[in-house]
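Student: this one's structure only:
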């Protein structure tokens, strides 16, 4: 439904936004899929996390992450300004609460590129708004190849990410959907299909009860 009231629709049907989470072991492709989704879905906005790690080549503060120091991060945790937060590879990451809640209330969808720890916290705090997707690599060998190909990390860091991948992948069953990322365009299409279906869920249609009641009454 468009959400607009017309002569044919006596009641306005609006939709509450949803939180679409993509998680994967590092290098499996979730960030690339996220960028493609944002380019194709105008109603989707990215949740920009705060982090205590330093910027990587090509990253922009306020766009990829909000880069802050550990003291500021702890202050935000204490003030309950983060929807979720976690420590990953010796650095902290978290999701600012205010912009996400404002977007959902306005009917906009928010995309999250976070790990399983953050997803668990979102599930505890806002399960009804959450749609979670876990992205798996087609093989361990391919995962290692992708990590090395992006040339952002040292061999030692790549080795650490590979050793952690098995633990991260063990959480796949906690997610609503699972995609094996053999091909980026196909994985993007699958994620778009998930998003479209979840947008049409009955319990996300605000005003649907009144609309159907009016129909039954002949309006």
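Tutor: It's in. Because the structure is a prediction, the values reported are computed rather than measured.

Student: burial of residue 21, as a residue count?
Tutor: Using other C-beta atoms under 10 Å, residue 21 has 26 neighbouring residues. For the C-beta atoms, the positions are set from N, CA and C on the backbone; glycine is no exception.

Student: Same check on the one 5 residues further on?
Tutor: Neighbourhood size, residue 26 [other C-beta under 10 Å]: 22.

Student: Contacts only, for the closest residue to it other than its chain neighbours.
Tutor: Nearest-residue entry for residue 26: residue 161, 4.6 Å, with adjacent residues in sequence omitted and distances by C-beta to C-beta, 6 or more residues apart in numbering. By C-beta atoms under 8 Å, 6 or more residues apart in numbering, the residues touching residue 161 are 25-27, 89, 147, 153.

Student: What strand or helix carries residue 161?
Tutor: helix 155-169 (DSSP states H and E).

Student: buried ones in the next helix or strand after that helix?
Tutor: Once helix 155-169 ends, the next helix or strand along the chain (criterion: DSSP H and E) is strand 177-180. Residues 177, 179 are the ones in strand 177-180 that count as buried (16 or more other C-beta atoms under 10 Å).

Student: For residue 44, grab phi and psi.
Tutor: Main-chain torsions, residue 44, degrees, to the nearest 10: phi -110, psi 130.

Student: From residue 149, how far off is the nearest residue to it once chain neighbours are set aside?
Tutor: Distance criterion C-beta to C-beta, 6+ apart; nearest residue to residue 44, sequence neighbours excluded, is residue 109 at 4.9 Å. The gap separating residue 109 from residue 149 is 31 Å, by C-beta to C-beta, to the nearest Å.

Student: Any idea how far the strand or helix carrying residue 124 is from the middle of the chain?
Tutor: Using DSSP H and E, residue 124 sits within helix 116-126. From the chain centre to the centre of helix 116-126 is a distance of 11 Å (C-alpha atoms, centre = their mean, to the nearest Å).
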